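In: Any chance you could fold what I've pasted below:
(6 chains)
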6 protein chains.
Amino acid sequence: MSTNFRPSGRAADALRPVVISRHFTRHAEGSVLIEFGDTRVICTASIENKVPGFLKGKGQGWLTAEYGMLPRSTHTRMDREAAKGKQSGRTQEIQRLIGRSLRAAFDLEAFGERTLHIDCDVIQADGGTRTAAISGAMVAAYDALSTLVAQGLLPAVPLKHFVAAISVGVYRGIPVLDLDYPEDSDCDTDMNVVMTDAGSFIEVQGTAEGAAFDRQTMNTLLELAESGISDLIALQKQVLGLLGA
Amino acid sequence: MSTNFRPSGRAADALRPVVISRHFTRHAEGSVLIEFGDTRVICTASIENKVPGFLKGKGQGWLTAEYGMLPRSTHTRMDREAAKGKQSGRTQEIQRLIGRSLRAAFDLEAFGERTLHIDCDVIQADGGTRTAAISGAMVAAYDALSTLVAQGLLPAVPLKHFVAAISVGVYRGIPVLDLDYPEDSDCDTDMNVVMTDAGSFIEVQGTAEGAAFDRQTMNTLLELAESGISDLIALQKQVLGLLGA
Amino acid sequence: MSTNFRPSGRAADALRPVVISRHFTRHAEGSVLIEFGDTRVICTASIENKVPGFLKGKGQGWLTAEYGMLPRSTHTRMDREAAKGKQSGRTQEIQRLIGRSLRAAFDLEAFGERTLHIDCDVIQADGGTRTAAISGAMVAAYDALSTLVAQGLLPAVPLKHFVAAISVGVYRGIPVLDLDYPEDSDCDTDMNVVMTDAGSFIEVQGTAEGAAFDRQTMNTLLELAESGISDLIALQKQVLGLLGA
Amino acid sequence: MSTNFRPSGRAADALRPVVISRHFTRHAEGSVLIEFGDTRVICTASIENKVPGFLKGKGQGWLTAEYGMLPRSTHTRMDREAAKGKQSGRTQEIQRLIGRSLRAAFDLEAFGERTLHIDCDVIQADGGTRTAAISGAMVAAYDALSTLVAQGLLPAVPLKHFVAAISVGVYRGIPVLDLDYPEDSDCDTDMNVVMTDAGSFIEVQGTAEGAAFDRQTMNTLLELAESGISDLIALQKQVLGLLGA
Amino acid sequence: MSTNFRPSGRAADALRPVVISRHFTRHAEGSVLIEFGDTRVICTASIENKVPGFLKGKGQGWLTAEYGMLPRSTHTRMDREAAKGKQSGRTQEIQRLIGRSLRAAFDLEAFGERTLHIDCDVIQADGGTRTAAISGAMVAAYDALSTLVAQGLLPAVPLKHFVAAISVGVYRGIPVLDLDYPEDSDCDTDMNVVMTDAGSFIEVQGTAEGAAFDRQTMNTLLELAESGISDLIALQKQVLGLLGA
Amino acid sequence: MSTNFRPSGRAADALRPVVISRHFTRHAEGSVLIEFGDTRVICTASIENKVPGFLKGKGQGWLTAEYGMLPRSTHTRMDREAAKGKQSGRTQEIQRLIGRSLRAAFDLEAFGERTLHIDCDVIQADGGTRTAAISGAMVAAYDALSTLVAQGLLPAVPLKHFVAAISVGVYRGIPVLDLDYPEDSDCDTDMNVVMTDAGSFIEVQGTAEGAAFDRQTMNTLLELAESGISDLIALQKQVLGLLGA
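Out: Predicted structure coming up:
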């Protein structure tokens, strides 16, 4: 497979350089800057000592996520959602995805009556912001829960499994891993995949934006995703110092 | 496989009885009542002779979709979105899915400067409302475009391919087709699939609500979906009188 | 009086065919489809076991109503109020009218601390939707309260009197009963009347849209309304099986 | 009929003292303070040299009305609607009534492409604010249109007929004219009537808040309204210096 | 300094005629109409026997302010904020300023668990509405708190110091006191100053709308403000009958 | 003056370490990260080739500013304004201040029909975010306008004067420069000052949060501000490479 058909010159199965920086801001219990090439997302995890009404008195916790983009994180300035007075459908769709994905990573029943608020704010966008947000928020959430362990409030981080996410797609007819913006805006199929460190699926969201795609293509895409996510989870564990654990 | 583990007694690969009634209301250019067992959705398609701003003067058309539920379409009354002053994230997610799915069915460039407005309103919910909405809206849209052909405004219905949608999931550990509400509220994995009459995918949205799912399960789910959608598209063509075409 | 001056050919004092179908949807405690010719409205009544804040602890109940139209219930598609983020003044005016009318039908002090939510959703509009909504909601509310009697939670339906509503107006100079859309959009005066089975008034809302009307005309309109409402209440009682009671 | 059963000691058919002060504020083309006893409403009429979209290019004008209450115009402070971010259903109902009533007073086709904006703001409320608003706005609108005549932009005030409004109701079983707040909050039936100087009806809005009312009562109420409105229109003409005309 | 350069012919250091009328409306515990020439603002103070959530159980009170303009208080009609569904940034800025200024005047800890709601509504605007609002609200608040003293609920008005406000600015290069609208819309610098009867500052908000201003100019402006505010506080005390105290 | 009374150990007249990093994100025409100690604000300047409606066809440009805080930029997580559906009064007040300050820095008439959008987003807050935003936005705006010069679209950056801003206040009775969060939340007086490189004032906004302040204190505060702003403008020019110019 030619390495030159992608605008970035990457191989079809190559991730962009991924950097995860912990403790990026100082107030949040967990704060991560995650970079996928030029995509940069601040992911914070904040602990609140109460739960939403529908969980009150049930002795368990909750995790919820919000997502935003700075107005000029994109090529053309977008209107600020706070000024427009509403979040777009796309924003709500993404923050629901992040929330579901992270709730699958942890055992909420072991949180105590606490809510973990995940905030993912894109400061620079170059494709793949939602999957970067999930992959970074995993580390921020782990850090936040670790502060509860350090304070003796939890016996251990209530982890079910690590999760990470990546996009795959069909660009110029060829399945590729980790689409950047030039690919994303010109691809036939775009699929976001969230998986666990056991190799199982949490979410698969595939959309044919141009031609419909067949089973064979889907299989190839899922294999690319599996390989990329495996690398991402290794990186998450490494930055958390858990690789030897 | 036991036929008795599903609350409805259906076989794992059995659809509920599906009924598509055309010309359900009289003002819309296309109007369909679609029923999947106890799920009942009114799908209308309305033609407007203009396009959104971003398409003005480009000589092509547009298709957009909205979705709603009557407050007491559900077991417990929901707040009315119009009274709350905003559509929920779920509503927006669903109407975006319906819109993308139907845009894939038609050649928008052959519409002329017209917008096809799809409205899907659930009057009774028993699981699978979004996939019923897509499958019914396909017929309503076809009827609406046919009125333009009848008036000599279009040479033919600008069809790319028929699309239909179905949900599949893992209920009590077993992959099943067309989840109803008792199954949907108690399943591990829920997947909505939109396909064409050529057997290709338009959308795949799978979510592990309980345990993550593996590749083998995913394959079985996709096969169930393929079989169900094939039956649905045959029904769509039949009610439109296109089966012999 | 010529029977041919009305677009429908009806006599000036003739109602359209009215059909009231109970148990139209299955989740609501009361659910009615009411049809006045081509006007079709789904009326549901839902019981909630609490009351608004201003009634808490007073040992009495409440009844409130909401009204909506499906976007393509009308000749030209209307914007969806949930998408616009607010209900129009017309919608609010109508749902306040429905609520006041139904509260006059029942003894709220005998409800216990319960709220009866009335939802009237127009699926096809051809004039007279608000009066159809009131007349149908009366039956749905009666059915809902009957479920409380059946469960032994109330000794009897806390009925004060049956209420029904009809529109009357001046069309081409002649007072007529039950205006349909072609008449309504071209009339001089439009009056909505809500009455009890004892022949007393609950609401009279008359508007001169063209020429102002005099006392003589008003008297004729009220007589037409009285006659129509008497027939509607007989029908309500008949479908509820209360005629012999 | 005893003159002492009303809290104010007024006779059943007596208006409160009514004062109409023109030129109350200086920027508006028409500005009136109207007082019905302790009810005080500022009514302004503003001319704008354009019409709403649906009338553009039709060579006619429009009249629209808005209504508000200062937060502490009432016994207990109400929330400010601007701060809550929405107008109540009551507010919208009232401003629609004012607009319809005033549109009936003038020949909008003779306005030219202009909009007359009526603003009615209650600074002190003691019952009957909506009818005071209509009666005062009539004078403000007349003044505003007179400025166009004075500037030679219109040949004459495009008047169809004077309109005024009053409330009537059943208090302690007795029909009375012009309810004040103590009566309004404790009455069985409340009816707002808008009439022309020719004695015809523009609007009749009667509501049984307690017991339903019969035809005989309605007739008495309409007669009280007729008499009160006749006096109000005489006062409007007098303050405008039109009595001898 | 020429007395003729100001449109009004006032001397540079002259206030407009100021009139403070107490008991302007009858429901509010304190109600004042304040006039600065053609600027007229209704200021009411309402007592509520509870505090916002963040103060519950702390045994102290609160004071909060809201501000509005009638749509035609201005030369050109403004949109009604309640109809637009939001308050402008200017409105929020002003009401925050009024609230801070009045909270500085009173000892909130001595209020008991009560909230004083200040409402300032401009009925006619000719410049300086926010400073008129503060100066008038001071008197309304004093009156409202006096009612608590009269009822024996407070031992004395919990006054820290009288406050009043005035605008100063640079008009045609010359510092002037109390800008009216023709000056305000054509000035280089506009400064709003709030001071106590002890001559100390509560708020200074200066903005260079044209040329930046230097320290010397600022000093002159502050001296003008000091002199004007001293006169205003004397007037406040006089209308409250406190001058001899 | 003791250097130890400030929580940070800074001298009363000492700024925190200030760092201005240009080209912080890559899409905006101007993008700056400004840090005042632990306060970190991303300031971007975006060029749009059109102007708001009120300036259309006047041949001049416009500059507007928006401000936001990431939800966990603060000690305790704040609600996201986009999710709440409105910007707070504080946010609006701040973005109006930033806009006015930057409009004073440039000659908008020389922009051509372009709008410069300033976005200031706080990623970490430790006091002084609004003044940091102004000081950083000055550099971002200069960079953005320089790209127009580089493209030959403008002959030179249309600069009137450099502006910078700083807060000053009275902490424990002593006037200090550049309050950080521990000081800001516990001070008597807080003043934000915006000045030009010529030493003139653009904005002065002083608020007595505790005790009112006298003229002597105000003078000291303004001198502290003058000194701090002079240093900040030197830094702005240095990072822009304009110091030798």
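
In: switch to C-alpha atoms for all contacts and neighbour counts from now on
Out: OK.

In: so where is chain A shaky, pLDDT-wise?
Out: For chain A, the stretches with pLDDT under 70 are A:1-3, A:244-245.

In: Strands of that one, start to end?
Out: Here chain A has its strands, by DSSP state E, at A:18-22, A:30-36, A:39-48, A:62-69, A:115-124, A:163-171, A:174-177, A:189-196, A:201-208.

In: Can you pull the phi/psi pair for the residue of chain A found nearest chain C?
Out: Nearest residue of chain A to chain C, counting by CA to the nearest CA: A:Lys86, 10.0 Å away. Here is the backbone geometry of A:Lys86 (degrees, to the nearest 10): phi -160, psi 150.

In: what do you get for A:Val51?
Out: phi -120, psi 160.

In: Can you tell me the number of residues neighbouring the nearest residue to A:Asn4 once chain neighbours are set aside?
Out: The shortest distance from A:Asn4 to any non-neighbouring residue, by CA to CA, 6 or more residues apart in numbering or on different chains, is to A:Arg10 (7.1 Å). For A:Arg10, the neighbour count with other CA atoms under 10 Å in any protein chain shown is 17.

In: Break down chain A into its helices, ranges please.
Out: Taking DSSP state H to define them, one finds helices in chain A at A:81-84, A:89-103, A:129-150, A:181-184, A:215-239.

In: Please identify which of these is closest to C:Arg26.
Out: helix A:89-103 (30.4 Å; CA to CA).

In: The closest one versus strand B:201-208: what angle between them?
Out: Computed with axes from the mean of the first three to the mean of the last three CA atoms, to 10 degrees, the direction of helix A:89-103 lies at 40 degrees from that of strand B:201-208.

In: returning to that earlier point: between the helices of chain A, which one is closest to chain B.
Out: Of all the helices of chain A, helix A:89-103 comes closest under CA to the nearest CA, at 5.3 Å.

In: wait, does the closest one contact chain C?
Out: No. Shown here: helix A:89-103 not in contact with chain C (CA under 8 Å from any CA of the partner chain), separated by at least 11.2 Å.

In: how far out from the middle of the chain is that helix?
Out: Centroid separation between helix A:89-103 and its chain, computed with CA atoms, centre = their mean, to the nearest Å, is 9 Å.

In: now swap in stretch A:39-55 and tell me
Out: For stretch A:39-55, the distance to the chain centre is 14 Å (CA atoms, centre = their mean).

In: can you pull the contacts of the spatially most central residue of chain A?
Out: Residue closest to the mean C-alpha point of chain A, counted by CA atoms, centre = their mean, is A:Ile134 at 1.5 Å. A:Ile134 is in contact with A:98, A:101-102, A:163-165, counting by CA atoms under 8 Å, 6 or more residues apart in numbering or on different chains.

In: which one is the residue sitting furthest away from the middle of chain A nearest to, not counting chain neighbours?
Out: Computed with CA atoms, centre = their mean, the residue of chain A farthest from its C-alpha average is A:Gly57, at 30.4 Å. Spatial nearest neighbour of A:Gly57, chain neighbours left out: A:Glu113 (7.9 Å); criterion: CA to CA, 6+ apart.

In: circling back: including distance to C:Thr196 and mean neighbour count, could the strands of chain A go into TSV?
Out: Output for the strands of chain A, formatted as TSV (distance: least, CA to CA, whole Å; neighbours: other CA atoms under 10 Å in any protein chain shown):
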stretch	distance to C:Thr196	mean neighbour count
strand A:18-22	71	19
strand A:30-36	65	26
strand A:39-48	55	27
strand A:62-69	52	23
strand A:115-124	53	26
strand A:163-171	64	29
strand A:174-177	70	22
strand A:189-196	60	26
strand A:201-208	57	24
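
In: How about the contacts made by the residue of chain A closest to chain C?
Out: Listed by CA under 8 Å, 6+ apart, the contact set of A:Lys86 reads F:82-86.

In: same thing but 10 Å
Out: A:Lys86 makes contacts with A:80, A:92, B:86, C:85, F:81-86, as judged by CA atoms under 10 Å, 6 or more residues apart in numbering or on different chains.

In: A:Gly136 too?
Out: When contacts are counted by CA under 10 Å, 6+ apart, A:Gly136 is found next to A:19-22, A:31-35, A:41-44, A:120, A:130, A:163-165, A:232, A:236.

In: same check, this time on A:Thr131
Out: Going by CA under 10 Å, 6+ apart, A:Thr131 touches A:36, A:94, A:97-98, A:137, A:164-167, A:178, A:192-194.

In: quick revisit: distance of the residue of chain A closest to chain C relative to D:Ala28?
Out: 36 Å (CA to CA, to the nearest Å).

In: Please apply the same query to A:Asp231.
Out: From A:Asp231 across to D:Ala28, the span is 71 Å (CA to CA).

In: so which residue of chain A comes closest to chain D?
Out: Taking CA to the nearest CA, chain A has A:Gly85 as its residue nearest chain D, at 11.4 Å.

In: Make sure that residue is actually in contact with F:Gly85.
Out: Yes. The pair A:Gly85 and F:Gly85 qualifies as a contact (CA atoms under 10 Å) at a distance of 4.1 Å.

In: so how far is A:Arg16 from the residue nearest to A:Asn4?
Out: 8 Å.

In: And A:Thr91, by the same measure?
Out: With CA to CA as the criterion, A:Thr91 and A:Arg16 are 24 Å apart.

In: Name the nearest residue to A:Val176, ignoring sequence neighbours.
Out: That would be A:Ala12: by CA to CA, 6+ apart, it lies 4.5 Å from A:Val176.

In: A:Leu148 now?
Out: In space, A:Leu148 is closest to A:Leu154, 5.6 Å off (CA to CA, 6+ apart).

In: how about the residues of chain A near chain C?
Out: A:Lys86 (CA under 10 Å from any CA of the partner chain).

In: who in chain A is up against chain E?
Out: Within chain A, the residues that sit near chain E (CA under 10 Å from any CA) are A:Gly85.

In: Mind doing that once more with 6 Å?
Out: Residues of chain A lying near chain E by CA under 6 Å from any CA of the partner chain: none.

In: Can you tell me how far the residue nearest to A:Thr217 when sequence neighbours are not counted is from chain B?
Out: Once flanking residues are discounted, A:Thr217 sits nearest to A:Pro175: 7.3 Å by CA to CA, 6+ apart. A:Pro175 sits 15 Å away from chain B when distances are taken as CA to the nearest CA, to the nearest Å.

In: for A:Ala164, same thing?
Out: Applying CA to the nearest CA to A:Ala164 and chain B gives a distance of 13 Å.

In: likewise A:Tyr171?
Out: Distance, A:Tyr171 to chain B, by CA to the nearest CA: 16 Å.

In: Skipping its backbone neighbours, what lies nearest that residue in space?
Out: Excluding the flanking residues, the one nearest A:Tyr171 by CA to CA, 6+ apart is A:Cys187, at 4.7 Å.

In: Can you get me a residue count around the one you found?
Out: 21.

In: Tell me if stretch A:115-122 is near chain F.
Out: No. Judged by CA under 6 Å from any CA, stretch A:115-122 and chain F are separated, with a smallest distance of 7.3 Å.

In: Measure how far that stretch is from the centre of its chain, please.
Out: Averaging C-alpha positions (CA atoms, centre = their mean) puts stretch A:115-122 11 Å from its chain's average.

In: Tell me which residues are up against that stretch.
Out: Applying CA atoms under 6 Å, 6 or more residues apart in numbering or on different chains, the contact partners of stretch A:115-122 are A:41-48, A:50-51, A:61-69, A:133.

In: For chain E, what's its nearest residue on chain A.
Out: Nearest residue of chain A to chain E: A:Gly85, at 10.0 Å (CA to the nearest CA).

In: before we move on, the earlier item: got JSON lines for the strands of chain A, with distance to D:Leu221 too?
Out: JSON lines is the format used below for the strands of chain A (distance: least, CA to CA, whole Å):
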{"stretch": "strand A:18-22", "distance to D:Leu221": "77"}
{"stretch": "strand A:30-36", "distance to D:Leu221": "71"}
{"stretch": "strand A:39-48", "distance to D:Leu221": "61"}
{"stretch": "strand A:62-69", "distance to D:Leu221": "59"}
{"stretch": "strand A:115-124", "distance to D:Leu221": "61"}
{"stretch": "strand A:163-171", "distance to D:Leu221": "73"}
{"stretch": "strand A:174-177", "distance to D:Leu221": "79"}
{"stretch": "strand A:189-196", "distance to D:Leu221": "70"}
{"stretch": "strand A:201-208", "distance to D:Leu221": "66"}
